[in-house]
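In: fold the following and give me the result.
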Amino acid sequence: MKSLILLLVAAGFITSSSFAQTSLIKEVKINTSAQCDMCKKRIEDGLFTQKGVINAELNVATKTVTIKYRGNKITENDLRTYISSLGYSADEIPANKEAYDKLPGCCQVEGMK
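Out: Numbering: from 1, shown residues only. As a prediction, the model looks like this:
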């Protein structure tokens with residue numbers, strides 16, 4: 001009987017630990033100023049270098065990047081700030097001007113200069 005109780009307690013602990021880990025995984029969609037496939041590569045590759053990012057996929061047609069991340073490692077605001085540091089706007093955060101100026105012409109939005 002003690003073995004059965006210990007087994008049930010252990011199973012409950014493992015289940016709650018697994019639930020806690022998966023509940024930390026979040027998803028956010030961020031609107032960007034991305035223009036082309038070079039932007040897609042730059043944003044996706046850059047996001048993958050950020051601790052806590054699990055997946056990042058930019059839809060060039062909608063200019064929206066969908067990011068899955070670990071909420072205990074990085075925040076939505078950190079993700080937006082990082083995208084800005086690459087030279088792209090990220091929702092309400094404008095593109096970092098210095099980084100924007102270094103982007104290839106095809107990645108720059110007309111009128112931002």
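
In: which non-adjacent residue is nearest Gly71?
Out: What sits nearest to Gly71 in space, not counting adjacent residues and going by Cβ to Cβ, 6 or more residues apart in numbering, is Lys26, at 4.6 Å. No exception for glycine: its C-beta is placed from N, CA and C like everyone else's.

In: and if you look at Tyr100?
Out: Taking Cβ to Cβ, 6+ apart as the measure, Tyr100 lies nearest to Gly87, with 4.1 Å between them; neighbours along the chain are not counted.

In: ok so, going back, mind telling me what element the residue nearest to Gly71 is part of?
Out: Assigning secondary structure by DSSP states H and E places Lys26 in strand 25-31.

In: what does the following helix or strand past that strand contact?
Out: Counting by DSSP H and E, the element after strand 25-31 in chain order, helix or strand, is helix 37-48. Contacting residues not belonging to helix 37-48 are listed as 32, 34, 53, 56-58, 60, 65, 67, 79, 82-83, 86, 88, 103-104, 106-107 [Cβ atoms under 8 Å, 6 or more residues apart in numbering].

In: tell me the buried residues within those.
Out: Applying 16 or more other Cβ atoms under 10 Å to these, the neighbour count classes 32, 34, 53, 56, 58, 60, 65, 67, 79, 82-83, 86, 88, 103, 107 as buried.

In: just name the closest of the residues you listed to Lys97, please.
Out: Ranking those by separation from Lys97, with Cβ to Cβ as the measure, puts Leu103 on top at 10.9 Å.

In: and that closest one, what does it touch?
Out: For Leu103, the contacting residues are Cys39, Gly87, by Cβ under 8 Å, 6+ apart.

In: tell me if Glu110 really is in a strand.
Out: No: inclusion of Glu110 in a strand is not indicated when DSSP: H, G, I helix; E, B strand; the rest coil is applied; the result is coil.

In: brilliant, that's me finished.
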